[in-house]
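> whatever this is, show me its structure:
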Amino acid sequence: MNRILRTAVVAAGVAAISLTAATAALAQMTMPEACKAKMSASGMMQMPDADMGQMAEHQKAMMEGMRETEPAMMQGMMAKNPDVAFVCGMIAHHTAAINMSEVELKYGGDQQAKSMAEKIIAAQKKEIEEMTEWVKQHAK
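The predicted structure follows:
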């Protein structure tokens, strides 16, 4: 099996395991009812259309921000060293938080929510810098 195909198979397996784990974690997480999307029996979000065509612009932007960071998160978590896997996965995770916060700043109307987004961006950028430096020093 060539390297690209092997990598794709591993990535698909990790994504499936991660999706199952994320669905289970979401089920156990205490979330306000207003934050819960309608879910199908399989645990997947029910999309109004397969291509997201009926979503509002802010929803599309948030989904795209998450989609951009997901491959890096999965790749980072595949590091053999558990500390490196954690930190590399968290860099991508924090980048997703920044992406979502930027969507809030663009589309949101509530000043308190926008203030939270600004704080998140500042904190996550600082932590990404710290984690990136840690990886440079510890990942061999």
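> mind checking the SS state of Gly109?
coil (DSSP: H, G, I helix; E, B strand; the rest coil).
> got the phi/psi numbers for it?
phi -120, psi -20 (degrees, to the nearest 10).
> after the helix or strand bottoming out on mean pLDDT in the chain comes which helix or strand?
One helix or strand of the chain scores below all others by mean pLDDT, DSSP states H and E: helix 3-28, with a mean of 50. Per DSSP states H and E, the first helix or strand lying C-terminal to helix 3-28 is helix 57-77.
> buried ones in that next one?
Ala61, Met62, Met63, Gly65, Thr69, Ala72, Met73, Met74, Gln75, Gly76, Met77 (16 or more other CB atoms under 10 Å). Using the backbone N, CA and C atoms, a C-beta is placed for each residue, glycine as well.
> and which of those residues is nearest to Cys35?
For the buried residues of helix 57-77, the closest approach to Cys35 (CB to CB) belongs to Met62, at 12.9 Å.
> gap between the closest one and Met74?
Remark: distance between Met62 and Met74 (CB to CB, to the nearest Å) = 19 Å.
> what strand or helix carries Glu118?
Going by DSSP H and E, Glu118 is in helix 111-138.
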